[in-house]
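Student: kindly generate the corresponding structure for this input.
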Amino acid sequence: MHFFYIDESGDTGANLNDAHQPVMVLGGVSVRDEGWNATQEMLNRKLRDFFGDALPASFELHAKDLLSLEGDGFFAGKPLDDRRALCLDLISLLAERSHGVHYIALDKNKIRNTALGIALSYDHKQPYLVGFDP
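Tutor: Modelled structure (predicted):
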């Protein structure tokens, strides 16, 4: 069995016309169930080391916060070089543990203007279930 963590970036709900976010990306990591605990422990250790031996309360890892120029959220004020090094450490952990990394980029303009002129059925409450109605 595998665990699959998925997240999105650029989801503007039913607004497929957002010029500032023309692409939506779904990305995820698949982890074998027998490797999950070791990976989680290694991940938490790397994050605790970065934050000085303790994770901030309610910590969530967001690439936007980690990689923004000044650092946002939990990474505000942390040196960019340190944050980049953490990012590379986390990517290396995925590679070392042989976990799969998966992603797909969706061009919202192409979704909105389907080639065959098919009406798009989009439910903003279930944004990943995109269907086409003839």
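Student: switch to C-alpha atoms for all contacts and neighbour counts from now on
Tutor: Fine.
Student: ok, which stretches of this structure are strands?
Tutor: 2-9, 23-32, 100-107, 119-122, 130-133 (DSSP state E).
Student: most tightly packed of the ones you listed?
Tutor: strand 23-32 (a mean of 17; mean count of other C-alpha atoms under 10 Å).
Student: partner strands of it and their direction?
Tutor: Its sheet considered, strand 23-32 pairs with strand 2-9 (antiparallel), strand 100-107 (antiparallel) by DSSP bridges.
Student: quick check: longest helix of this structure.
Tutor: The longest helix of the chain (DSSP state H) is helix 80-96.
Student: run the chain-centre distance for stretch 96-112.
Tutor: In this view, stretch 96-112 has its centroid 10 Å away from the chain centroid, taken as C-alpha atoms, centre = their mean, to the nearest Å.
Student: start and end of it, how far apart?
Tutor: 40 Å (C-alpha to C-alpha, to the nearest Å).
Student: now that stretch: average pLDDT?
Tutor: For stretch 96-112, mean pLDDT is 87.
Student: can you check stretch 59-69 too?
Tutor: 90.
Student: straight-line length of that stretch, end to end?
Tutor: 20 Å.
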